[in-house]
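# Following is a predicted model, sequence given first.
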Amino acid sequence: MTPLIEVRDLHFQYEDGTKALEGIDFTLLPGETVALLGANGSGKTTFVLQLNGVLRGEGSITVCGLPLTKDSRALIRSKIGMVFQDSDEQLFMPTVLDDVTFGLLNQGMPEEEATAKAKLVLAQAGLAHVWNKAPYHLSAGEKRRVALAGVLVMEPEILVLDEPTTFLDPPAERDLLQLLRDLPQAKLIVTHNVRLAASLASRAVFFEKGKLVASGSVDEIARRFEWTYSDLPAADLRYSAQRRF
Amino acid sequence: MHHVLLDRWSQGASPIHRRDARAKIVALLVFLVMLATTPADAVPVLVTYAALLASAILIAGLPLGSVLLRAMVVLPFSLTFALISCLAGEPLRALALVEKSYLSTVGVLLLAGTTSLPLLLGGLERLGTPRLLVLVAQFLYRYLFVLSEQAQHMRLAASCREGGVKARRKFRFRAATGALAMLFARSYNRAEGIHRAMQARGFSGRFSLLHPQRFGALDAAFLLFVSVFLVVVRVA
């Protein structure tokens, strides 16, 4: 099976000299959903920003059979849909409709066609009633779904979601999970939420200090790196908190 | 939030709301030119202009009192200059400063309260305003709310950790400057994040905006009527 994403020996260093990624090898197969786990600052978000050339390190990246170069970048960006952690950063246009059509218009689609397609995707995401609203009038859950609609409307082959459930209340999280579960695309999910990872991902990889140190099932990775919310009795938690502070 | 209120007003469906943004912008420009060239002692002209604005506000279904009250935001500035003119022995000029700045602000509020921001910016762009300026205005408006919310959170967090009255007095200025610097740094980070999000959706340096408005016969008639009325009142 030809991989959708193939990364070999990827290195990246920020301008201030911080080594963010060191020798990453990674493969994403069609239909696969992979959770990217790891501590804050371990390189997960930096890694996914490499995949569509927003950040550029050393090493080779191939997406849908296309090597990532300056010339192929635009095409690759249409194949990878990226939903960012902070929806306010993603929803920068004055209205929801303007925002959802943004990517389509960048691809050169005529206005009428882009508008019709955007309204259809908004309706499918249960957001038909907000198309004319300004993004700051939306709830956190609506913002997240509009951000997702703005990506889905471009019909990407791969979805990258950076902490998709941040700021969401439980009902909004549940709605989003249902929506994501129904999407046929291969997915990369950057998250700290093991419950979310376990319910969506078939595999997990673990990042540590810029290195991809393990790959396996979500349960296996969570157990191996003790990457779970504590199930200690309350007394132990109190002891643990006192010791720390 | 003033901009949220304006946003709500601009969602109306009155005959003035329905006019093309370009017609309203040009009508406002004609109004501002006529107002600026009106002598300060031409009281009937100024009263007619004020009556025209009040009528337009009522036709648009905007709350007259609220619009007139909010237009007073300009008064501290214009009163300062009016006071200087008064002290310089030019009371008529001082009066003109206050009258004209206030009526101008009412006119601008009427435009902003009857035209949503995307349409207003689209209208400005189609009238030849440089695209870069339009984009800056668009981003400024979009993120004003986010930034003000962040500033409020920081202020709240600071006030939660304030000590007694003495400490508050001593450290308030330092805390405010620190918060401002932090807000700037966060805005800078956010700008980088927005740029990345734009790049991820294929942005290549040029915006393609939706332009649902069309300049029709009614818009032309509206512009002609307002302009002729303003000129006739001014000249007569």
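Perfect, thanks for sending it.
# ok, for B:Ala200, nearest residue in space, not its chain neighbours?
A:Met82 (4.3 Å; C-beta to C-beta, 6 or more residues apart in numbering or on different chains). Every residue, glycine included, has its C-beta placed from N, CA and C.
# Any idea how many residues pack against that neighbour?
Neighbour count of A:Met82, defined by other C-beta atoms under 10 Å in any protein chain shown: 25.
# ok, now which ones touch it?
Residues in contact with A:Met82 (C-beta atoms under 8 Å, 6 or more residues apart in numbering or on different chains) are A:Val48, A:Asn52, A:Val54, A:Val151, A:Val160, A:Asp162, B:Ala197, B:Ala200, B:Arg201.
# From A:Leu105, how far off is the last one?
Yep, that's B:Arg201 we're talking about. 10 Å (C-beta to C-beta, to the nearest Å).
# ditto for the second one
The gap separating A:Asn52 from A:Leu105 is 18 Å, by C-beta to C-beta.
# from the contacts of A:Met82, which ones fall inside strands?
Residues from the contacts of A:Met82 lying in strands, with DSSP state E as the criterion: A:Val160, A:Asp162.
# Can you pick out the ones from the contacts of A:Met82 that are in helices?
Judged by DSSP state H, these include A:Val48, A:Val151, B:Ala197, B:Ala200 as members of helices.
# Would you pull up how far the helix or strand containing A:Ile24 lies from the middle of the chain?
Here A:Ile24 sits within strand A:19-28, counting by DSSP states H and E. Offset of strand A:19-28 from its chain centre (C-alpha atoms, centre = their mean, to the nearest Å): 16 Å.
# cool, stretch A:60-75 as well?
19 Å.
# try stretch A:196-203
13 Å.
# Leaving out the residues flanking it, which one is nearest to A:Leu91?
Distances taken as C-beta to C-beta, 6+ apart place A:Pro135 nearest to A:Leu91, at 3.8 Å, with adjacent residues excluded.
# Pull the distance from the following helix or strand past the strand holding A:Ile24 to the chain's centre.
Counting by DSSP H and E, the element after strand A:19-28 in chain order, helix or strand, is strand A:33-38. Counting by C-alpha atoms, centre = their mean, strand A:33-38 is centred 10 Å from the centre of its parent chain.
# Just checking: what are the partner strands of strand A:33-38?
Here strand A:33-38 has these sheet partners by DSSP bridges: strand A:186-190 (parallel), strand A:203-208 (parallel).
# Just name the most buried of those.
Burial of the strands paired with strand A:33-38 is given as mean neighbour count (mean count of other C-beta atoms under 10 Å in any protein chain shown); strand A:186-190 ranks first at a mean of 24.
# Which positions in whichever helix or strand comes after that strand come out as buried?
For strand A:186-190, the succeeding helix or strand toward the C-terminus, using DSSP H and E, is helix A:194-200. For helix A:194-200, the neighbour count (16 or more other C-beta atoms under 10 Å in any protein chain shown) marks A:Val194, A:Leu196, A:Ala197, A:Leu200 as buried.
# ok, those residues vs B:Ala137, which is closest?
A:Leu196 (38.5 Å; C-beta to C-beta).
# Do a quick rundown of the helices in chain A.
A:44-51, A:73-79, A:87-90, A:96-106, A:111-124, A:140-152, A:170-182, A:194-200, A:218-224, A:234-244.
# Export those helices as CSV, with columns for mean pLDDT and distance to A:Pro3.
Formatted as CSV, the helices of chain A follow (pLDDT from 0 to 100; distance: least, C-beta to C-beta, whole Å):
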stretch, mean pLDDT, distance to A:Pro3
helix A:44-51, 93, 12
helix A:73-79, 89, 13
helix A:87-90, 86, 27
helix A:96-106, 89, 24
helix A:111-124, 92, 27
helix A:140-152, 90, 21
helix A:170-182, 86, 21
helix A:194-200, 89, 19
helix A:218-224, 91, 20
helix A:234-244, 49, 42
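# Tabulate those helices in JSON lines, adding columns for distance to A:Glu22.
Formatted as JSON lines, the helices of chain A follow (distance: least, C-beta to C-beta, whole Å):
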{"stretch": "helix A:44-51", "distance to A:Glu22": "11"}
{"stretch": "helix A:73-79", "distance to A:Glu22": "23"}
{"stretch": "helix A:87-90", "distance to A:Glu22": "27"}
{"stretch": "helix A:96-106", "distance to A:Glu22": "32"}
{"stretch": "helix A:111-124", "distance to A:Glu22": "38"}
{"stretch": "helix A:140-152", "distance to A:Glu22": "29"}
{"stretch": "helix A:170-182", "distance to A:Glu22": "30"}
{"stretch": "helix A:194-200", "distance to A:Glu22": "23"}
{"stretch": "helix A:218-224", "distance to A:Glu22": "19"}
{"stretch": "helix A:234-244", "distance to A:Glu22": "29"}
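# and B:Phe77, which of those is closest to it?
helix A:87-90 (32.2 Å).
# which other helices and strands contact that closest one?
helix A:140-152, helix B:165-200 (3 or more C-beta pairs under 8 Å, 6 or more residues apart in numbering or on different chains; DSSP states H and E).
# so which of those helices is the most packed in?
Highest mean neighbour count among those (mean count of other C-beta under 10 Å): helix A:140-152, with a mean of 24.
# is chain B contacted by it?
Yes. Judged by C-beta under 8 Å from any C-beta of the partner chain, helix A:140-152 comes into contact with chain B at A:Gly150, A:Val151.
# Show me what that helix packs onto, helices and strands only.
strand A:80-83, helix A:87-90, helix A:96-106, helix A:111-124, helix A:170-182.
# what angle do that helix and helix B:165-200 make?
Going by axes from the mean of the first three to the mean of the last three C-alpha atoms, to 10 degrees, helix A:140-152 is angled at 20 degrees with respect to helix B:165-200.
# For helix A:140-152, give me every contacting residue.
A:81-84, A:87-88, A:90-91, A:96, A:99-100, A:102-103, A:118, A:121-122, A:124-127, A:130, A:135, A:138, A:159, A:164, A:167-169, A:171-173, A:175-176, A:179, A:183, B:201.
# domain assignment for chain B?
Recorded structural domains for chain B (assignment: automatic domain parsing) are B:2-126+B:213-235, B:131-200.
# Which neighbouring residues are in contact with A:Leu188, exactly?
Counted by C-beta under 8 Å, 6+ apart, A:Leu188 has contacts A:Ile5, A:Leu28, A:Thr33, A:Val34, A:Leu36, A:Val48, A:Leu51, A:Ile158, A:Leu159, A:Val160, A:Leu161.
# Contact residues of chain A facing chain B?
A:49, A:52, A:54, A:74, A:77-78, A:80, A:82, A:84, A:86, A:88-90, A:92-95, A:97-98, A:101-103, A:105-107, A:111, A:114-115, A:134-137, A:150-151, A:154.
# How about B:Pro91, nearest residue that isn't a chain neighbour?
Nearest one to B:Pro91, counting by C-beta to C-beta, 6+ apart, is B:Ser85 at 7.6 Å.
# Tell me which residues of the helix or strand hosting that neighbour come out buried.
Using DSSP H and E, B:Ser85 maps to helix B:75-87. Within helix B:75-87, the residues scored as buried using 16+ other C-beta under 10 Å are B:Ser78, B:Leu79, B:Ala82, B:Ser85, B:Cys86.
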